[in-house]
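*Asks:* Give me a model of this one.
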Amino acid sequence: MTYSEMSLREKSIVFIGFMGVGKTTIGELVAKKLYRDFVDIDQEIEKMFQMPTSQIFKEFGEEFFRNKEKEVISQLSQQRLKIISVGGGAFLQEEIQKICLSNCIVFFLDLSWDSWKERISLIIDSRPVLQGRSLEDIEELFYTRQAIYSNHHSKVETDNLDIEEVANYIVDSLKMAWDIYEPSK
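*Replies:* Here you go, the predicted structure:
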């Protein structure tokens, strides 16, 4: 089946957003609710290399990692019925944006800077891009990436919502869109 023949219901769903926003956690829950397979791109690459992302960055460099990321996303985005979480920096690549937006349904999980800042201590050690940066540098990175994430099909404001509420909102939105655009015959 080629992509153009794929129904809206069969398209894979991609979650984008800044690191630590909850793409993996929410993606896993949405996958469970929709009976789909969940794939975290960073985890897939880590499995391939048998090492954490931070070590891949150190040993091979960011460019190598980004190329591998593009390869894995390109392959998975053309498959049916997947829930895919892409790393916070993946969408910086225009080619990945085009692949995801044309092959999948892209949800931007948005979190305000103030809410995100509360999570920094939980994620800083595992994120190579944050290493050695001041809070001001990280804030600048946050807002720069927000502009890039504006290319999406749907945006979900996650401030003041728990994971279950976000997942339910996404599932309900998808089911409504499927009923509107592809009603059962």
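*Asks:* Next secondary structure after the lowest-mean-pLDDT helix or strand in the chain?
*Replies:* Every helix and strand of the chain was ranked by mean pLDDT, DSSP states H and E. The lowest is helix 120-123, at a mean of 68. Using DSSP states H and E, the next helix or strand after helix 120-123 towards the C-terminus is helix 135-148.
*Asks:* and the very next helix or strand once past that next one, which strands flank it?
*Replies:* Per DSSP H and E, the first helix or strand lying C-terminal to helix 135-148 is strand 154-157. Strand partners for strand 154-157, identified by DSSP bridges, are recorded as strand 105-110 (parallel).
*Asks:* and the next element down the chain from the strand it pairs with?
*Replies:* Heading C-terminal from strand 105-110 (DSSP H and E), you reach helix 113-117.
*Asks:* Can you name the residues in contact with that next one?
*Replies:* For helix 113-117, the external contacting residues (CB atoms under 8 Å, 6 or more residues apart in numbering) are 18, 20, 21, 135, 139, 142, 143, 158, 159. Yep, even glycine has a C-beta here, placed from its N, CA and C like the rest.
*Asks:* Could you verify my assumption that the third one touches residue 108?
*Replies:* In other words, residue 21. No - applying CB atoms under 8 Å, one finds residue 21 not in contact with residue 108, separated by 9.2 Å.
*Asks:* What residues sit buried inside stretch 134-147?
*Replies:* Under the neighbour-count criterion of 16 or more other CB atoms under 10 Å, stretch 134-147 has 138, 141, 142, 145, 146 buried.
*Asks:* with those in mind, which one is nearest to residue 91?
*Replies:* residue 145 (7.8 Å; CB to CB).
*Asks:* What is the neighbour count of the residue lying closest to that closest one once chain neighbours are set aside?
*Replies:* Nearest non-adjacent residue to residue 145, counting by CB to CB, 6 or more residues apart in numbering: residue 18, 5.7 Å away. Using other CB atoms under 10 Å, residue 18 has 25 other residues around it.
*Asks:* quick one, what contacts residue 18?
*Replies:* 88, 111, 116, 142, 145, 146, 149.
*Asks:* Determine which two of those residues are furthest apart.
*Replies:* Greatest spacing in these, by CB to CB: 116 and 149 (12.6 Å).
*Asks:* Would you state the strands of this structure in chain order?
*Replies:* Using DSSP state E, the strands of the chain run over residues 13-16, 37-40, 82-85, 105-110, 154-157.
*Asks:* Now tabulate those in a markdown table and tack on mean pLDDT and mean neighbour count.
*Replies:* Shown next, in a markdown table, are the strands of the chain (pLDDT from 0 to 100; neighbours: other CB atoms under 10 Å):
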| stretch | mean pLDDT | mean neighbour count |
| --- | --- | --- |
| strand 13-16 | 97 | 27 |
| strand 37-40 | 97 | 18 |
| strand 82-85 | 98 | 25 |
| strand 105-110 | 96 | 23 |
| strand 154-157 | 95 | 16 |
